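Asks: model the following, please.
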Amino acid sequence: MKVLLIAVALVATMMTAAHSQEENQERQFIIKQFKGWTGLLLSCEKNTADPALVQAICDVAKTEFTYLAENSKIPYRVSVGDNMFRRTVISHEIGKPLTLTIKTIPASGNTYAKAVYVEVSAENFYSNVIDKEAQGGDPEGMPRAGDLSLWSGNMIASGTDTQAMVRDLT
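Replies: Down below sits the predicted model:
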């Protein structure tokens with residue numbers, strides 16, 4: 001019995017150490033990914049089709065985002081449902097951050113079954129972009145402004161239980 005308890009304690013210690021090492025590697029990966037940015041801005045856009053569902057998705061995203069940013073010691077701000085001007089003001093509080101945007105489009109109409117489309121993107125605003133291969137006189141050779149999408153992904157969820165849908169999207 002004593003040998004079994006010692007073996008269980010040894011395995012638990014090894015698993016905890018492995019989990020700790022895995023968490024540290026993930027944290028280091030996140031820090032490397034965001035090196036050079038002055039911070040992060042999470043922007044969760046509101047949608048009036050199903051405000052409760054959209055708010056639940058934004059709340060879960062905000063919790064996860066805050067956890068990752070704080071553990072990575074990356075300056076961050078969160079903007080939920082703010083207009084473009086307010087988001088710009090919030091982002092300038094931390095310099096020139098990488099913006100993570102969550103857009104949700106819930107299906108409306110049926111109160112029993114629900115569906116939602118979620119798009120997540122990482123982008124940055126540039127004010128003087130020129131295509132490096134543009135020739136003189138080409139439209140791509142004229143400086144222009146806009147959001148540069150560095151990454152984007154999307155998901156669709158459906159079901160009758162809002163909490164289960166939000167959990168699955170997370």
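
Asks: the residue nearest in space to the middle of the chain pairs with what?
Replies: Of all residues in the chain, the one closest to the mean position by Cα atoms, centre = their mean is Leu100, 4.9 Å from it. When bridges are called by DSSP bridges, Leu100 pairs up with Leu42, Ala122.

Asks: am I right that it is in contact with Leu40?
Replies: Yes. The criterion here is Cβ atoms under 8 Å, and Leu100 meets it with Leu40 at 6.5 Å. Every residue, glycine included, has its C-beta placed from N, CA and C.

Asks: pull out the buried residues from whichever helix or strand Ser149 is part of.
Replies: Applying DSSP states H and E as the criterion places Ser149 in strand 144-159. For strand 144-159, the neighbour count (16 or more other Cβ atoms under 10 Å) marks Ala157 as buried.

Asks: which strands border that strand, and is each parallel or antiparallel?
Replies: Looking at strand 144-159 with DSSP bridges, its partner strands are strand 114-129 (antiparallel).

Asks: in the partner strand, what counts as buried?
Replies: Buried, per 16+ other Cβ under 10 Å, within strand 114-129: 114-116, 118, 120-123.

Asks: related to what we said a few turns ago, and for Leu100 and Leu40, which residues touch both?
Replies: Phe65 (Cβ atoms under 8 Å, 6 or more residues apart in numbering).

Asks: hmm, back to that, so who does the residue nearest to the centre of the chain touch?
Replies: If you count contacts by Cβ under 8 Å, 6+ apart, then Leu100 has 40-43, 65, 120-122 around it.
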